[in-house]
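Chemist: sequence plus the predicted model coming up.
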Amino acid sequence: MKNTTLASWLDACRIYLHPRVMGMLALGFSAGLPLLLILGTLSFWLREAGIDRTTIGHLSWIGLAYGFKWLWSPLVDRMPLPILTKLLGRRRAWLLLSQITIVMALIGMACTDPLVNLTHMVFFALAVAFASATQDIALDAYRIEAVAIELQGAMAATYQAGYRLAMILSSAGVLWIAASLDTIPAGYDYRAWQIAYFVMAAFMGIGVLTTLIIQEPVVKISQLVVENEKRVEAMIARWNLNHRFAQLLLWFYGAVIAPFRDFIVRHSYNAFLILALIAVYRISDVVMGVMSNPFYVDMGYTKDEVATVSKVYGVLMTIAGAAVGGVLIMRIGIIKTLFIGAILSAVTNLLFVWLTVIGHSLPGLIFTISADNLSAGIASSAFIAYLSGLTHSAYSATQYALFSSVMLLLPKFIAGFSGQFVDAYGYAWFFLSTALLGLPVLILVWLVSRIDFRSSQ
C-alpha cells in the first residue's frame, strides 16, 4: 500500500518534466523581473534616499496598472500588430513589444535620481508597470493555451519558479550591486542604484530571446466564437450597416463584449461570488508587502542582510511552496489547496508582529521569511490554477486579465494607505490587521467550494 501511494506521488511529480511545463521557467522569469523594480526594490531605494513613508505608500498605487489591465486586454487578445504579428504570431508579437518597452523604461528609471526628480521617476515606473501588465496579458494567454487544464497547476508552479528567480535578481541582485558600489555606506549614493537598474534592463534580454525562440500555440477556432460572429452578422444584416462599420462592430463584440458575457452566462449569479473571492484572495500578502522593505530598513537590517534572507532564501522558499502547491493540486484538488494557502497566508503575517517585538534578529527574520514565503508559494500556485480553470479558451487573454485585475484592484488600493497606517499605529498593529484581512477569504473559499464548477473549454 505504501509503495502504491509513493508511486502515485512520484507520478504526480513527473508533470514537471513536460516540455511545455519546463519552458514556462524562462517565461516566468521575464514576467517576474519588472515587478519589484517598481514596487519593493524601488521602495527600498526611495526610503534610503530619504523619501517619507506616506509618499512611498502612495507610490505603490503605480501597481494599480496591473489592476486595470483588463481595459486593454481585448486589444492584446485580438488586435494584430503591424509586421510583428505576421512574423511572430499573436501572443509573441505583444510579448516582444512589451518587453522592449520595459527595457527602455528601466533605462529611464536608471537615469533618474528620485531625490532630484521624483516626478520623472514616477513616469518611467508607470511605463514599466503598463508594459509589464501588457506582457502578463499575452503571457497568461500563452500559458493557458499551451496545455490542458490538468497541467495548469504544474504550469503555474514552474511559472512561479521562474518568476521568483527573477525576483531574487530584481531585489537581492539590485541590493547586492548597490551595496557593492555604494561609496557612502551610511548615506545615499545614487550612482550605485543607477548601475544596478542598468543591469536589470540588460537582463530583460532573457525575455526578448525567449520570445523569439518559443513557438506560438496552435488554438482552434472555438464554436462559441463562430456562433458569436453569426449572431452579430445577423444583426448587421438586419440593420443594413455599411461594410467597414460592420467589421468594426463584429471585432468589438468578439473582443470586448463576448468574453465578459461568456463568463456571466456560464456561471450565472455564482459569477459574483467567484469575483468576490478573486478580489480578496491575496489581500493579506499584497497589503503587507508594500511596507515590508521600509520595515526592514527601519528595523536596522542592512542591504546585504535583506538581500540574503528576504530576497534569496525567502524567494527559494516561495519556489518550494509553488512546487508543493502544484503537487497538492494534483492530489487533493484546487479548492482544498486554495483553502490551505489562504489559512497559511493569514497566519504567517502574525510572525511579522513577533518580529517587531523581538527587534533586530537575523534568525527571527530567516524563520519569518521562510514561513511567509512558503505559504505564499502554495497559495499562488493554487490561485493561478484556479483562475486558469475559469477562463474559456476562446477568450483566454481577456478573461484572465479581468480575473487578475480584480485580484489586484482592492488590495493595491488599500495598500496605498499602508504608510499612513504605520505612521499612525506602528508596524505591529499593521501586520496584525493584514492577518485579520484574511478571515473573509476563508469564508469565500468555502462558499465557492459548494459551487458545481464546470468550466467549458
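Modeler: Done, it's in.
Chemist: and residue 383, how far from residue 337?
Modeler: Separation of residue 383 from residue 337 (CB to CB, to the nearest Å): 9 Å. Heads up, the C-betas are built off the backbone N, CA and C, glycines and all.
Chemist: meant to ask about residue 426, not that
Modeler: 34 Å.
Chemist: just the element for the closest residue to residue 211 other than its chain neighbours, please.
Modeler: In space, and not counting its chain neighbours, residue 211 is closest to residue 95: 4.5 Å by CB to CB, 6 or more residues apart in numbering. According to DSSP states H and E, residue 95 maps onto helix 90-110.
Chemist: following that helix, which helix or strand shows up next?
Modeler: Toward the C-terminus from helix 90-110 - assigned by DSSP H and E - lies helix 118-146.
Chemist: got the buried residues for that following helix?
Modeler: Using 16 or more other CB atoms under 10 Å as the test for burial, helix 118-146 gives 118, 121-122, 124-146.
Chemist: which strands or helices does it pack on?
Modeler: Here helix 118-146 touches helix 19-38, helix 53-59, helix 64-67, helix 73-78, helix 90-110, helix 152-168, helix 362-390, helix 396-415, going by 3 or more CB pairs under 8 Å, 6 or more residues apart in numbering; DSSP states H and E.
Chemist: if you set the cut-off to 7 Å instead, what comes out?
Modeler: When contacts are defined as 3 or more CB pairs under 7 Å, 6 or more residues apart in numbering; DSSP states H and E, helix 118-146 sits against helix 19-38, helix 64-67, helix 73-78, helix 90-110, helix 396-415.
Chemist: tabulate the ones you listed (a markdown table), appending distance to residue 176, mean neighbour count and mean pLDDT.
Modeler: What follows is the helices and strands packed on helix 118-146, written out as a markdown table (distance: least, CB to CB, whole Å; neighbours: other CB atoms under 10 Å; pLDDT from 0 to 100):
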| stretch | distance to residue 176 | mean neighbour count | mean pLDDT |
| --- | --- | --- | --- |
| helix 19-38 | 14 | 23 | 83 |
| helix 64-67 | 26 | 21 | 79 |
| helix 73-78 | 35 | 23 | 78 |
| helix 90-110 | 16 | 23 | 93 |
| helix 396-415 | 26 | 23 | 75 |
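Chemist: to residue 50, which of those helices lies closest?
Modeler: Closest to residue 50 of those, according to CB to CB: helix 90-110, at 17.8 Å.
Chemist: list the contacts of the closest one.
Modeler: 30, 34, 37, 76, 80-81, 84-85, 88, 121, 124-125, 127-128, 131-132, 134-135, 138-139, 141-142, 194, 197-198, 200-201, 204, 207-208, 211, 214, 216-217 (CB atoms under 7 Å, 6 or more residues apart in numbering).
Chemist: ok, residue 195 - contacts?
Modeler: Taking CB under 7 Å, 6+ apart, one finds 177, 181 in contact with residue 195.
Chemist: secondary structure element holding it?
Modeler: helix 190-203.
Chemist: buried residues in that helix?
Modeler: Buried residues in helix 190-203 (16+ other CB under 10 Å): 190, 192, 193, 194, 195, 196, 197, 200, 201, 203.
Chemist: tell me the one among those residues nearest to residue 419.
Modeler: residue 193 (20.6 Å).
Chemist: pretty sure residue 274 sits against residue 267.
Modeler: Yes - between residue 274 and residue 267 there is a contact under CB atoms under 7 Å: 6.2 Å.
Chemist: more neighbours, these two?
Modeler: Counted by other CB atoms under 10 Å, residue 274 and residue 267 do not tie: residue 274 has more neighbours, with 21 against 18.
Chemist: now the helix or strand harbouring the more buried one - C-alpha only, PDB.
Modeler: Under the criterion of DSSP H and E, residue 274 resides in helix 270-280. Extracted C-alpha coordinates of helix 270-280, given in PDB (Å, rounded to 0.1, in the frame of the first residue of the first chain):
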ATOM      1  CA  ASN A 270     -22.200  32.500  -8.900                       C
ATOM      2  CA  ALA A 271     -20.000  34.700 -11.100                       C
ATOM      3  CA  PHE A 272     -20.300  37.500  -8.500                       C
ATOM      4  CA  LEU A 273     -19.300  35.100  -5.700                       C
ATOM      5  CA  ILE A 274     -16.300  34.000  -7.700                       C
ATOM      6  CA  LEU A 275     -15.300  37.500  -8.400                       C
ATOM      7  CA  ALA A 276     -15.500  38.400  -4.700                       C
ATOM      8  CA  LEU A 277     -13.100  35.600  -3.900                       C
ATOM      9  CA  ILE A 278     -10.700  36.700  -6.600                       C
ATOM     10  CA  ALA A 279     -10.900  40.300  -5.300                       C
ATOM     11  CA  VAL A 280      -9.700  39.400  -1.800                       C
END
